[in-house]
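Asks: Test case, fold it:
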Amino acid sequence: MKQIRTITLQGGQGLTAEISNYGAKLLRLIVPNKQGEKKDIVLGFNTMDEWQQKETYFNAIIGRYANRIKDGRFTIDGKNYQLPINNGTNSLHGGVSGFNQKVWDIVGQTRYSVSLHYRAADGEENYPGNLDVYVTYTLTKDNALSIQFEAKTDRPTVVGFTNHAYFNLAGEGSGTVKDHILQVFADKYTPFDDTACPTGEILSVENTPMDFRQPVRVGDRIDDPFFAPGRGIDNNWVLNKIDRHDAQLAAVVEADGRTMEVWTTMPGLQVYTGNWIEQNVGKSGAKYDVQHAICLEAQNFPDSPNHANFPNAILRPGEVYYEKTSYKFV
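Replies: Coordinates of the predicted model:
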């Protein structure tokens, strides 16, 4: 059985990150604010038992396909595939036992970075193809946590990763994110059906609660009936600038003297406000609750394999999947 390990990364401007090879999770991210006060800004737990048993998506690498696939079904080259159903009628975040619950191999390490590898076997969670996935976390010179994804397959398969970090820029355990200020650089979004899967439409954010093109206090929108009543935001934005080789600015969030920019090569951004957080005691001893975090999940569109007008989600032998997302502190 593989040993579970924790790697500490030290950045040059006061950033510290702890990465576990269990789920390739971000265990801690220590960030100073403009006054120099350092806080851990990602929710989580103090023991590995808790990480394995509670809130299993916290800060993990999600795969083989992030977000939802409607009815757990897709077709490649005329062949139908049925995934396990684990979220209402849909398949979510790679299935019953996704990448977030796997022990990855550590294949490279420096003071500033760590690279991890996981091989998903052909047929794992009913996905086709042996898939080799590499994720590299780096604390960069420009004060960012960079996450780079690469993958290769030996059969055509569906692929789409993200990191599911639960941020609270005021510090984990500090309560709701309603006072966070959010801006998303997206003119359009993908509306959902009653199962939280896209309808296939791409609509303008104009005159809707999805319009975050200018900075908005999260608390001014989070309880709007447009979103999940009593829960919050869990929606996909279609980013304006997409360059699959060069990361573009997708969003900015601010709170407690910290400003975080999200830069990505991904085409979509799922914003999720911790709508289903259980009341578990976190790292600081405070109890977590609904809306105590904001996730900024750069990824492909939900259910993209089933919509020809959405970005491609099929990886074929001989191709290299490459994406990059950075959380930069300015």
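
Asks: Beta-bridge partners for the residue nearest to Gly171 when sequence neighbours are not counted, please?
Replies: Sequence neighbours aside, Lys39 is the residue nearest to Gly171 in space, at 3.6 Å (criterion: CB to CB, 6 or more residues apart in numbering). For glycine as for every other residue, the C-beta is placed from the backbone atoms N, C-alpha and C. For Lys39, the beta-bridge partners under DSSP bridges are Val31.

Asks: Quick one, grab the pLDDT at Lys39.
Replies: Note for Lys39: predicted pLDDT of 98.

Asks: burial of it, as a residue count?
Replies: Counted with other CB atoms under 10 Å, residues neighbouring Lys39 total 20.

Asks: just Asn306 next, same as before
Replies: Other residues close to Asn306 by other CB under 10 Å number 18.

Asks: got the buried residues for stretch 142-154?
Replies: Neighbour-count burial for stretch 142-154 flags 143-153 (criterion: 16 or more other CB atoms under 10 Å).

Asks: These into a markdown table, with extra columns for pLDDT, distance to Gly257 and secondary structure?
Replies: What follows is the buried residues of stretch 142-154, written out as a markdown table (pLDDT from 0 to 100; distance: CB to CB, whole Å; DSSP: H, G, I helix; E, B strand; the rest coil):
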| residue | pLDDT | distance to Gly257 | secondary structure |
| --- | --- | --- | --- |
| Asn143 | 97 | 14 | coil |
| Ala144 | 98 | 18 | strand |
| Leu145 | 98 | 18 | strand |
| Ser146 | 98 | 23 | strand |
| Ile147 | 98 | 24 | strand |
| Gln148 | 98 | 28 | strand |
| Phe149 | 98 | 31 | strand |
| Glu150 | 98 | 35 | strand |
| Ala151 | 98 | 37 | strand |
| Lys152 | 98 | 42 | strand |
| Thr153 | 99 | 44 | strand |
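
Asks: With distance to Asp193 added, can I get the residues you listed in TSV?
Replies: Output for the buried residues of stretch 142-154, formatted as TSV (distance: CB to CB, whole Å):
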residue	distance to Asp193
Asn143	40
Ala144	36
Leu145	34
Ser146	35
Ile147	30
Gln148	33
Phe149	28
Glu150	33
Ala151	29
Lys152	33
Thr153	30
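
Asks: and Asp256, how many neighbours does it have?
Replies: Counted with other CB under 10 Å, Asp256 comes out at 17.

Asks: Gly171 is in contact with that one, correct?
Replies: Yes: judged on CB atoms under 8 Å, Asp256 makes contact with Gly171 at a distance of 7.1 Å.

Asks: Now do the shared contacts for these two.
Replies: Lys39 (CB atoms under 8 Å, 6 or more residues apart in numbering).

Asks: can you map out the strands along the stretch 1-150 of the chain?
Replies: 6-10, 16-20, 26-32, 38-40, 61-62, 68-69, 73-76, 79-82, 91-92, 105-109, 113-120, 131-139, 144-153 (DSSP state E, counting those that start in this stretch).
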